[in-house]
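Engineer: Sequence and predicted structure are below.
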Amino acid sequence: MAQATEPPLKRTPLYDMHVGLAARMVPFAGYEMPLQYPAGIIKEHLHTRAAAGLFDVSHMGQIILRPRSGRLADAARALETLVPADVLGLAVGRQRYALFTNPTGGILDDLMVANLGDHLRLVVNAACKLADEAHLRAHIAADCIIDPLLDHALLAVQGPGAEAVLAAFAPEIPSMRFMDIRTLRLSGETGVVSRSGYTGEDGFEISIKGDRAATFCAALLQNAAVMPAGLGARDSLRLEAGLCLYGSDIDPTTTPVEAALEWSIAKVRRTGGERSGGFPGAEIILGQIDRGAPRRRVGLKPEGRAPVRGGAPLFGPDDDAVPIGAVTSGGFGVSLGAPIAMGYVPAAQATLGNRLFAELRGRRQAVQICALPFVPLRYKRSQV
Amino acid sequence: MLKFTADHEWLRLDGEVATVGITNFAQDKLGDLVFVELPNVGAKFKKGATAATVESVKAASDVYAPVSGEVIEVNAKVSTEPALVNSAPTGDGWLFKLKIADASELDTLLDEQAYNATIT
């Protein structure tokens, strides 16, 4: 018998709702989370692409950074010492994707940073949130009050129907654009709403007091367009959208350039930029932007119907004995009706259409390098 | 009458031929299946060897030969429509038929009551 040395699993404010909806609960990043509801992953996935899926992502870390000086630029400047994103240039009411990097250029976590006027708001991965908080305290506590929002739930309403669903609660919703963030009255509740998500669809994430979350979700589920969706669908949706899963596709050994995430590093932080460097691993990361990285994250389409899973070694076009890379995420593209994967290969092999081989149950399975994402992204971008 | 293994395969006997599939409990635990890999007709398996693979959106699982034998037929329908294993695991979702090599191995299988006791 295994000893019960693990700490007990935590529950989100929506635990009772999940159980009431007959979800299959699984341990995930220290939480008891819904893997799927009785509809199943395929229906939850397809419904999210066709209408709207409701996801409980309250396990993720929400952290407020308040400038001790009262000037937001001081908090932004402090955070820029830990991430290569342009935080100072982030306008009020806007959010952007960022990466905590380490001195060797690796990724400690990926996160969202938002400017709420008098404070910055971070959303970080559940499995990394304690380490992220400690990292912030160790490096920028002199400039920022670091305040994890422990009493808030985080919901994601994702899919082409999300706008109409939420517009019934707040008339401002349709005027928001991708990566806008606002504090809104949602009928009786106050929430911080961003137009963003992790599915490739248009959608919103809503931070709301934990003790109000169940009531709000019950109201959302009154709308027939809304189907509860679990972590299984969340993973299959993000993989089709070509989005990285921290711990699988990116980790402390992968750099932003290797991970093909250099788009998140603004010109102003790059070589020759006004605020070039100044984040952990800058020399390595900026050098890779300028001269290329030894390996790259690519999309992979296995030939045939058999899914190729994360961890499978990848072999070169000559099907040699020595692996040249590995699959980091793989599964079945539910909307595509075909297997899809992502993985790392040497830069010299990372060309579209290149045919490689993955090891699958002791055999070699041909896979083709393809463009990411696997499905068109349907964000409501601003018209600029 | 179905016989069962503790690994969640079922087996239906017809003379010296056994039809094999995965149990309702197994399909429910796996969730929506998206891929089934069947053995080749003529392949011979020892009891307990991996004879097929079923994959859900999330993960792959092996299906073991419940007894030793030779594959004499496979259900091609589940290759093109893996969801049949979810909707009719002991019916149209069967996987393969084995010509039983050693009938004494049948004694090691569970009856329905004994199998149900292992999953509750």
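Structural biologist: Received the coordinates, thanks. Numbering: from 1, shown residues only, chains lettered A, B, ... in the order given.

Engineer: Run a quick check on A:E258 versus A:G292, I expect a contact.
Structural biologist: No. Under the criterion of C-beta atoms under 8 Å, A:E258 lies out of contact with A:G292, with a separation of 10.0 Å. Glycine gets a C-beta too; all of them are placed from N, C-alpha and C.

Engineer: between those two, who's got more neighbours?
Structural biologist: Each of A:E258 and A:G292 has its neighbours counted (other C-beta atoms under 10 Å in any protein chain shown); A:E258 has more, 23 against 13.

Engineer: wait, does stretch B:43-55 contact chain A?
Structural biologist: Yes. Among the residues of stretch B:43-55, B:T53, B:E55 lie within reach of chain A under C-beta under 8 Å from any C-beta of the partner chain.

Engineer: contact partners of that stretch?
Structural biologist: Defining contact as C-beta atoms under 8 Å, 6 or more residues apart in numbering or on different chains, one finds that stretch B:43-55 is touched by A:306-307, A:332, A:361, B:20, B:22, B:30, B:33-39, B:60-71, B:82, B:85, B:95-96, B:98, B:101-102, B:105, B:108.

Engineer: The same query, at a cut-off of 6 Å, please.
Structural biologist: A:307, B:33-39, B:60-65, B:67-68, B:70-71, B:95, B:105 (C-beta atoms under 6 Å, 6 or more residues apart in numbering or on different chains).

Engineer: Same question for stretch A:59-73.
Structural biologist: A:12, A:29, A:31, A:74-75, A:119-124, A:126, A:129, A:144-145, A:147-149, A:152, A:154, A:207.

Engineer: filter the residues you listed to the buried ones?
Structural biologist: A:12, A:29, A:31, A:74-75, A:119-124, A:126, A:129, A:144, A:148-149, A:152, A:154, A:207 (16 or more other C-beta atoms under 10 Å in any protein chain shown).

Engineer: what about the most centrally placed residue in chain B, which helix or strand?
Structural biologist: By C-alpha atoms, centre = their mean, chain B has its centre lying nearest to B:G21, at 2.6 Å. Element membership of B:G21 [criterion: DSSP states H and E] is strand B:17-22.

Engineer: Show me which positions of the helix or strand just after that strand end up buried.
Structural biologist: Downstream of strand B:17-22, the first helix or strand assigned by DSSP H and E is helix B:24-30. Buried positions in helix B:24-30, judged by neighbour count with 16+ other C-beta under 10 Å: B:N24, B:F25, B:A26, B:Q27, B:L30.

Engineer: So A:T253: helix, strand or coil?
Structural biologist: Secondary structure state of A:T253, per DSSP: H, G, I helix; E, B strand; the rest coil, is coil.

Engineer: What separation do you get for it and A:H59?
Structural biologist: 24 Å (C-beta to C-beta, to the nearest Å).

Engineer: more neighbours, the two?
Structural biologist: Remark: of A:T253 and A:H59, A:H59 carries more neighbours, 21 against 12, as counted by other C-beta under 10 Å.

Engineer: looking at this, that one is in a helix?
Structural biologist: No. Counting by three-state DSSP, A:H59 is not part of a helix but coil.

Engineer: Report pLDDT for the nearest residue to A:R137 once chain neighbours are set aside.
Structural biologist: Once flanking residues are discounted, A:R137 sits nearest to A:I146: 5.6 Å by C-beta to C-beta, 6 or more residues apart in numbering or on different chains. pLDDT for A:I146: 98.

Engineer: what are the phi and psi values for A:I146?
Structural biologist: Phi and psi for A:I146, reported as degrees, to the nearest 10, are phi -100, psi 120.

Engineer: neighbours around it, how many?
Structural biologist: 19.

Engineer: From A:A293, how far off is it?
Structural biologist: Taken as C-beta to C-beta, the span from A:I146 to A:A293 is 32 Å.

Engineer: Same question for A:L88.
Structural biologist: Distance from A:L88 to A:A293, by C-beta to C-beta: 26 Å.

Engineer: Of those two, which one has the most company?
Structural biologist: Ranked by neighbour count (other C-beta under 10 Å), A:L88 and A:A293 place A:A293 first, with 24 against 19.

Engineer: quick one: contacts for the more buried one?
Structural biologist: A:A293 neighbours (C-beta under 6 Å, 6+ apart): A:V257, A:E258.

Engineer: Kindly report the same for B:K97.
Structural biologist: B:K97 touches B:V17, B:T19, B:I72, B:E73, counting by C-beta under 6 Å, 6+ apart.

Engineer: Contact partners for the last one?
Structural biologist: I take that to be B:E73. By C-beta under 6 Å, 6+ apart, the residues touching B:E73 are B:K97.

Engineer: Across the sheet, point out what pairs with it.
Structural biologist: For B:E73, the beta-bridge partners are B:K97 (DSSP bridges).

Engineer: before we move on, the earlier item: any chance of a markdown table for the contacts of B:K97, columns pLDDT and distance to A:A52?
Structural biologist: What follows is these, written out as a markdown table (pLDDT from 0 to 100; distance: C-beta to C-beta, whole Å):
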| residue | pLDDT | distance to A:A52 |
| --- | --- | --- |
| B:V17 | 97 | 49 |
| B:T19 | 98 | 42 |
| B:I72 | 98 | 49 |
| B:E73 | 98 | 45 |
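
Engineer: closest to chain A among those?
Structural biologist: Chain A lies nearest to B:E73 out of those, by C-beta to the nearest C-beta, at 20.7 Å.

Engineer: ok so, going back, would you confirm that the residue nearest to the centre of chain B contacts B:F96?
Structural biologist: No. With contacts counted by C-beta atoms under 6 Å, B:G21 stays clear of B:F96, the gap being 8.4 Å.

Engineer: Spell out which parts of chain B neighbour chain A.
Structural biologist: Where chain B comes near chain A, counting by C-beta under 6 Å from any C-beta of the partner chain, the residues are B:G31, B:D32, B:V34, B:F35, B:E55, B:V57, B:K58.

Engineer: can you tell me which two in those residues are farthest apart?
Structural biologist: B:G31 and B:F35 (12.7 Å; C-beta to C-beta).
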